[in-house]
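A.B. asks: with the input below, show me the fold.
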Amino acid sequence: MHRRFKYAWAIAVLVVLPDIVISASAPSGCTGSDDGWFSCDYAGMTQAADRPIDFADFSPAPLALNVYVNGLLPPIGDSQMFSPTFSTLDPASLDPNYHASLTLDCGQFGSIVMYAGVFANMSYIEKLKVRNCMTYVVPANVFQEFSSVDMFSLEGGAIDEVDPNAMAGLEVKPLRAGTHRPPRPQGRFKLLYTRFLAQAMPPGFLFNWKDLQHVSLVGADLKSINGDLFTFNIRLKTIDISDNHFASIPEVLFDGLESLAEVRMANIPWECTCDNAWFVAGALEKNISLRGDFQCADQEMTVAKYYYTNCVEVDMCKGTIGIALLEKCFTMITLLVYGLALVSLVLCAVSLGLIICTLKARSGTGQVRSRVRKGNKVVDLKVKSKSK
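C.D. replies: Sure thing, here's the model as predicted:
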């Protein structure tokens, strides 16, 4: 009995001890778990003493931070959201199976105004997300403290003013070398139903990301797209510009994108003209897969059907020298055979005409022989024809 009690006590210690030793701790206004996933209510940190969020108060080190925000970032009088001690975090100490991530979440009706320097000391972050925020101002260089991220996402909300240099100093590119273990490198920018109030992409928004490999601009409320939108993203592999309001795309949009393999353009109100439907054949020539419904907005047909029905002259001869006539191809050999047959027909007609004319000529100047029966004999009579 004593031995059984000792074993039971040892098992209880093993079960309880990890919770005692590895219990998570977090700064005021933050909660988390012992696997490094934390949530902080930055909007609720109204006391200056609670700001900036102090790295030293986290245990273990924050692998994923979900921060609820609203208003000025940072508040007046502050220069940054996160304490300088965040810069001492060694990324190698984090779980390698996950991206080190930061999410700014505005909740249901939140809005933010960001200032340059707000993200100082956060260069260890690999995955950045801004969710459900009405963003009034995105100033120049506001994300430069991250240096480079593997994934950058904007989800929900809207964006008003964007400085042309807002993304300067930030790179979005694959960060991890290993491709056969999680997390796989992405090099992805994903905008999902974050509306641009100007209904157009801000100038230069993607220009700094030459190593970007995947881009999604879904539900951005875009009424038009400029031909230089992806000019500097020369390593793009996939593009998704679904759920927008533009009715056509520039013919040069995919020029220079030699690695581009797939383009998704679903739920677009296409204005079907031969000029607008250029991408049907253009994608085929560049070996790009097209994904989407591709329905003409004003006609009951797909863009591809419109293009091949109205914009393409079908080569009936398929490259062979010949003449297309009555939806058939007449090759040179066929034309030669038909030509010889026609010549033969003409020669036959001429010959027949000559024969007829010769017979008529003879009947007008020659003799006519007739036979008359006399009794049991047949007597040939030669009668000279009378000349007219």
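A.B. asks: which stretches of the chain have low pLDDT?
C.D. replies: Within the chain, the segments meeting pLDDT under 70 span 1-22, 177-181, 314-319, 321-327, 330, 364-388.
A.B. asks: so where does residue 360 fall, helix or strand?
C.D. replies: Taking DSSP states H and E as the definition, residue 360 sits inside helix 332-365.
A.B. asks: by contact count, what packs against that helix?
C.D. replies: In terms of contacts (3 or more CB pairs under 8 Å, 6 or more residues apart in numbering; DSSP states H and E), helix 332-365 is packed against strand 322-325. C-beta coordinates here come from the backbone N, C-alpha and C atoms, glycine included.
A.B. asks: domain assignment for the chain?
C.D. replies: 17-176+184-310, 320-352 (automatic domain parsing).
A.B. asks: please identify the deepest-packed of the ones you listed.
C.D. replies: domain 17-176+184-310 (a mean of 17; mean count of other CB atoms under 10 Å).
A.B. asks: secondary structure class for residue 145?
C.D. replies: When classified by DSSP: H, G, I helix; E, B strand; the rest coil, residue 145 comes out as helix.
A.B. asks: could you measure the residue lying closest to it once chain neighbours are set aside against residue 142, distance?
C.D. replies: The shortest distance from residue 145 to any non-neighbouring residue, by CB to CB, 6 or more residues apart in numbering, is to residue 119 (4.4 Å). Distance, residue 119 to residue 142, by CB to CB, to the nearest Å: 7 Å.
A.B. asks: OK, contacts around residue 172?
C.D. replies: With contact taken as CB atoms under 8 Å, 6 or more residues apart in numbering, residue 172 is in contact with 148, 149, 150, 151, 152, 187, 188, 189, 209, 211, 212.
A.B. asks: what bridges to the first one?
C.D. replies: Same thing as residue 148. Beta bridges link residue 148 to residue 171, judged by DSSP bridges.
A.B. asks: what's the first-to-last distance across stretch 27-38?
C.D. replies: Using CA to CA, to the nearest Å, one end of stretch 27-38 lies 10 Å from the other.
A.B. asks: err, stretch 70-77, not the other one
C.D. replies: 16 Å.
A.B. asks: if we can go back for a sec, in a markdown table, list the domains of the chain along with distance to residue 360.
C.D. replies: Output for those, formatted as a markdown table (distance: least, CB to CB, whole Å):
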| stretch | distance to residue 360 |
| --- | --- |
| domain 17-176+184-310 | 59 |
| domain 320-352 | 13 |
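A.B. asks: for residue 363, which of these is the nearest?
C.D. replies: domain 320-352 (16.8 Å; CB to CB).
A.B. asks: how far off centre is the closest one?
C.D. replies: Centroid separation between domain 320-352 and its chain, computed with CA atoms, centre = their mean, to the nearest Å, is 51 Å.
A.B. asks: residue numbering should commence at 57 henceforth.
C.D. replies: New numbering, starting at 57: the last item is domain 376-408.
A.B. asks: tell me how far residue 127 lies from residue 101.
C.D. replies: 11 Å.
A.B. asks: how about residue 222?
C.D. replies: Separation of residue 222 from residue 101 (CB to CB) stands at 26 Å.
A.B. asks: for residue 82, same thing?
C.D. replies: 12 Å.
A.B. asks: tell me who's in contact with residue 139.
C.D. replies: Per CB under 8 Å, 6+ apart, neighbours of residue 139: 108, 109, 110, 111, 112, 177.
A.B. asks: what two of these are the furthest from one another?
C.D. replies: Farthest apart among the contacts of residue 139 - using CB to CB - are 112 and 177, which lie 12.3 Å from each other.
A.B. asks: pull up the overlap in contacts between the two.
C.D. replies: Contacts common to residue 112 and residue 177, judged by CB under 8 Å, 6+ apart, are 139, 141.
A.B. asks: contacts only, for residue 257.
C.D. replies: Neighbour list for residue 257: 273, 276, 278, 281, 282, 285 [criterion: CB under 8 Å, 6+ apart].
A.B. asks: now it. Its backbone dihedrals?
C.D. replies: Backbone torsions of residue 257, given as degrees, to the nearest 10, read phi -70, psi 130.
A.B. asks: how much space between it and residue 298?
C.D. replies: 15 Å.
A.B. asks: out of the domains of the chain, nearest to residue 417?
C.D. replies: Residue 417 sits nearest to domain 376-408 of all the domains of the chain, at 15.1 Å, using CB to CB.
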